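Enquirer: Predicted model and sequence below, questions to follow.
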Amino acid sequence: MDVPGLGQAFLLQISRDMRLAFRHLGQLANPLMFFIMVTTLFPLALNPSPQLLEAIAPGVVWVAALLASLLASESLFRQDVDDGTMEQLALSPQPLALMLLAKTSAHWLMTGLPLVLISPIVAYGLFLPSNAVPVTMGALALATPILSLIGGMMAALTVGLRRGGGLLSLLILPIAMPVLIFGARATDLAMTGMASVGAIYLLAALLLLALSLAPFAMAAAMRISLD
Amino acid sequence: MSADPSSTGCTTLLEATDLELWRGERRLFNQLSFSLGPGELLHITGANGCGKTSLLRVLCGLTLPETGEVSWRGAKVMRNRADFHAEMTYIGHRESLKGELSAAENLSFDLRLRRDVSDADIDQALHRVGLTAARDVMARGLSAGQKRRVSLARALACRARLWVLDEPYTNLDVAGRDFVDQMMTEHLADDGLVLLVAHQSHGVSGGRIRQLEMS
């Protein structure tokens, strides 16, 4: 029997997940709302002087982005495992690693990409100098897929547990630290007018590493969870 | 615990050798071996909780047995998942449907991962199980029996050689149960293989039917 090609299966999975996500938009908007809320609460709670906000802006933006992706990764595979569609996916002739990568990509398009797109507005609210905005957007565009992939790996590992929420954050946070450090550093360097290209390269390298290894880790973890 | 040894000398497609599985402190089965060839149905029976579903999951490659192995066309399943799964379909306890997708959308996704199907093929599959009218109804709005029928449509339309059916009669009305019997009979006549877990007796006629009683 000739099985459809990998590209076709990948696109099929992405389009199905996007369609599902658009059918309940509320859940989709959660991480984005969280990101916006956290970043707008800081100026309200702290002294709203531009100097102070400018100084803390890189940290606030990056921590909020990290926590928003953490929040989003909990729901990545949960529903599919609960309703049994993950079992059918594991029993399909397509490689599970590819299908989980497709699911993670769709998830990033719905939760990570909106963060990247909204970040200039958030940065404006925090008095981030405008010369740092393009770098921050670029760094976020590299960092959010890494966070989605790490989240996917850990979500696949903990999805078999009934209450894996706490464990999930415990697993993700240490591994996500380099992303936070290099990301915030890129914004910081750009603000002071220095070359931030080094931090960006490091993020790009991390993304390639995650892209090439995470799908296989996800598939292996998922098979253990389904066992 | 042994399979009926009446198998004739025809080619073996699915073979299980010396399977052993533990769940926690309990050994579900041990030294379980059987082989299944074209046109054969293996009816697995046993009390609740004796490991029938676990056995099916081992046979489809979802669960790793402690010892022993399952092979398909002579190749080990765990090493040739894609080849095996391309020829296998599984109906489990859960219907594996997305509540927010319509019956046709659910079916279309599952089938298109396996082969190129047109919309007409999907309509035809839904028509065979009597769900033409429910084509565009969201799966969460379907009754339990209708959901089961979507699962049956998936098994029918994916043209798999091996059917692994875990309690396929659940939630079905009398006509639905007859339909399951009829589709299994046709599949066996087509040289297909069926692994069936069911409490009640089935109404399959023809094909070679074997029993596996688990304890």
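Expert: That came in fine, so what should we check first? Numbers count the residues shown, from 1 in each chain, chains lettered A, B, ... in the order given.

Enquirer: CA only for contacts and neighbour counts going forward, please
Expert: Fine.

Enquirer: what about stretch B:123-132, distance to the chain center?
Expert: 19 Å (CA atoms, centre = their mean, to the nearest Å).

Enquirer: measure that stretch end to end?
Expert: From the first residue to the last, stretch B:123-132 extends over 7 Å; the measure is CA to CA, to the nearest Å.

Enquirer: contacts for that stretch?
Expert: Stretch B:123-132 is contacted by residues B:Ala104, B:Arg135, B:Gln146, B:Arg149, B:Val150, B:Leu152, B:Ala153, B:Arg154, B:Leu156, B:Ala157 when judged by CA atoms under 8 Å, 6 or more residues apart in numbering or on different chains.

Enquirer: Just the ones in strands from these, please.
Expert: Per DSSP state E, strands hold no members of those.

Enquirer: Sort out which of those residues are in helices and list them.
Expert: Among these, the residues falling in helices (DSSP state H) are B:Ala104, B:Gln146, B:Arg149, B:Val150, B:Leu152, B:Ala153, B:Arg154, B:Leu156, B:Ala157.

Enquirer: Sort out which one of those lies nearest A:Ala190 for me.
Expert: For A:Ala190, the nearest member of the ones in helices among the contacts of stretch B:123-132 is B:Ala104. The distance, counting by CA to CA, is 51.2 Å.

Enquirer: residues contacting the closest one?
Expert: Remark: with contacts taken as CA under 8 Å, 6+ apart, B:Ala104 is in contact with B:Ile122, B:Asp123, B:Leu126, B:Arg135, B:Asp136.

Enquirer: now that we have those, which one has the most neighbours?
Expert: Each of the contacts of B:Ala104 was scored for neighbours by other CA atoms under 10 Å in any protein chain shown, and B:Leu126 scores highest at 25 neighbours.

Enquirer: can you tell me the helix or strand for that one?
Expert: Using DSSP states H and E, B:Leu126 sits within helix B:119-128.

Enquirer: Give me the buried positions along that helix.
Expert: Buried residues in helix B:119-128, counted by 16 or more other CA atoms under 10 Å in any protein chain shown: B:Ile122, B:Asp123, B:Gln124, B:Ala125, B:Leu126, B:Arg128.

Enquirer: From the chain's centroid, how far away is that helix?
Expert: Mean-position distance between helix B:119-128 and its chain equals 20 Å (CA atoms, centre = their mean).

Enquirer: Same check on stretch A:77-91?
Expert: Offset of stretch A:77-91 from its chain centre (CA atoms, centre = their mean): 21 Å.

Enquirer: ok, back up a step: nearest to chain A, out of the contacts of B:Ala104: which one, please.
Expert: B:Asp136 (14.6 Å; CA to the nearest CA).

Enquirer: list the contacts for the closest one?
Expert: With contacts defined as CA under 8 Å, 6+ apart, the neighbours of B:Asp136 are B:Ser102, B:Ala103, B:Ala104.

Enquirer: From A:Pro215, how far out is the residue nearest to the spatial centre of chain A?
Expert: The central residue of chain A, meaning the one whose C-alpha is nearest the mean C-alpha position (CA atoms, centre = their mean), is A:Ser148 at 3.3 Å. With distances defined as CA to CA, the gap from A:Ser148 to A:Pro215 amounts to 11 Å.

Enquirer: just the helices in chain B please.
Expert: If DSSP H is used as the criterion, the helices of chain B fall at B:52-60, B:81-86, B:103-112, B:119-128, B:144-157, B:174-189.

Enquirer: got the contact list for the lowest-mean-pLDDT helix or strand in chain A?
Expert: Counting by mean pLDDT, DSSP states H and E, the weakest-scoring helix or strand in chain A turns out to be helix A:25-45, with a mean of 87. The contact list for helix A:25-45 (CA under 8 Å, 6+ apart) reads A:21-22, A:53, A:60-61, A:64-65, A:68-69, A:71-72, A:110-111, A:114-115, A:122, A:125-126.
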